[in-house]
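Peer 1: next come a sequence and a model predicted from it.
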Amino acid sequence: MLIAGFPAGAWGTNCYLVAPAAGEECVIVDPGHQAAEGVAEAVAKHRLKPVAVILTHGHIDHVASVVPVCGAHDVPAWIHPADRYMMSDPEKALGRAFGAQLMGELTVGEPSDVHELTDGSLLKLAGLELTVSHAPGHTKGSVTFRTPATGGERDIPPVLFSGDLLFAGSVGRTDLPGGDPAEMLESLARVCLPLDDSTVVLSGHGPQTTIGRERATNPYLREVAAGPGSFEPPRRGM
């Protein structure tokens, strides 16, 4: 499997292009602020053909380039229905106004073709199989995407595109509209803790990690594993 990722824009949001191999179809995960140029470069470098954009949640730092990217490649976008409104109304989603200069750089609105994600569904796109898990806490419509492990001569561990649910050493903030600490706890317990330690975590911000590393060192995931208690997520990500 080929995964080409890069941090984009003012918030350094990770955008990923995922394909079975170079020269094949791909899906684009979270094309955020100023991501269109990086997507075009990765498509050309790896000779990819995008077939869909898939979104972990609706915050503007993850969806700002959805319209131009979908338009350039004539592909649909997939998002959970609870976050769909954010593509057209980012200020409502964040509970504060953007500066006029920044808003002038953003393309607000929906692409022409939008599909809605459901918990537990299996997306079969670009020769890939991606399991969708609804994971509210950061937003009401946050989801993760997970690829299966691949056996054979070259074992490939599963990969979790965690969005702003789980980071290396941290978790997503819950203090914005739609955020909920109790839902974050439940999502971490239900979505992350059951995964194999070998699962590679590619998050919305920061470096890659593994479930095993986070289970052992992430104070928030360790707290969830230990049982009920106080929970104060950091203010990381949008």
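Peer 2: Ah, there it is. Residues are numbered from 1 along each chain as shown.
Peer 1: give me the pLDDT for Gly99.
Peer 2: Note on Gly99: pLDDT of 43.
Peer 1: then Tyr85?
Peer 2: pLDDT, Tyr85: 94.
Peer 1: how about Gly229?
Peer 2: Confidence score, pLDDT, at Gly229: 61.
Peer 1: what about stretch 115-128, average pLDDT?
Peer 2: pLDDT averaged over stretch 115-128 gives 97.
Peer 1: same check, this time on stretch 161-170
Peer 2: 97.
Peer 1: quick check: buried residues in that stretch?
Peer 2: Neighbour counts over stretch 161-170 (16 or more other Cβ atoms under 10 Å) mark 161-170 as buried. The way it works is simple: take the backbone N, C-alpha and C, and place the C-beta from them, glycine included.
Peer 1: show me the contact partners of the longest helix seen in the chain.
Peer 2: Counting residues, the longest helix found in the chain (DSSP state H) is helix 36-46. Here helix 36-46 makes contact (Cβ atoms under 8 Å, 6 or more residues apart in numbering) with 2, 4, 6, 8, 15, 17, 19, 22-23, 26, 28, 31, 48-50, 65, 68-69, 72-73.
Peer 1: using CSV, write down the CA coordinates of it.
Peer 2: Listed next in CSV are the C-alpha coordinates belonging to helix 36-46 (Å, rounded to 0.1, in the frame of the first residue of the first chain):
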residue,chain,number,x,y,z
ALA,A,36,-4.6,21.5,-3.3
GLU,A,37,-1.1,22.1,-4.6
GLY,A,38,0.4,19.3,-2.4
VAL,A,39,-2.3,16.9,-3.6
ALA,A,40,-1.5,17.8,-7.3
GLU,A,41,2.2,17.2,-6.7
ALA,A,42,1.6,13.8,-5.0
VAL,A,43,-0.8,12.7,-7.7
ALA,A,44,1.8,13.6,-10.4
LYS,A,45,4.8,12.1,-8.5
HIS,A,46,3.1,8.8,-7.9
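Peer 1: from the chain's centroid, how far away is stretch 184-196?
Peer 2: 16 Å (Cα atoms, centre = their mean, to the nearest Å).
Peer 1: got the end-to-end distance for it?
Peer 2: 20 Å (Cα to Cα, to the nearest Å).
Peer 1: can you list contacts of that stretch?
Peer 2: 133, 135-138, 142, 144, 146, 149, 157-158, 160, 162, 165-166, 171-172, 174, 211, 214-215, 220-221, 224-225, 231, 233.
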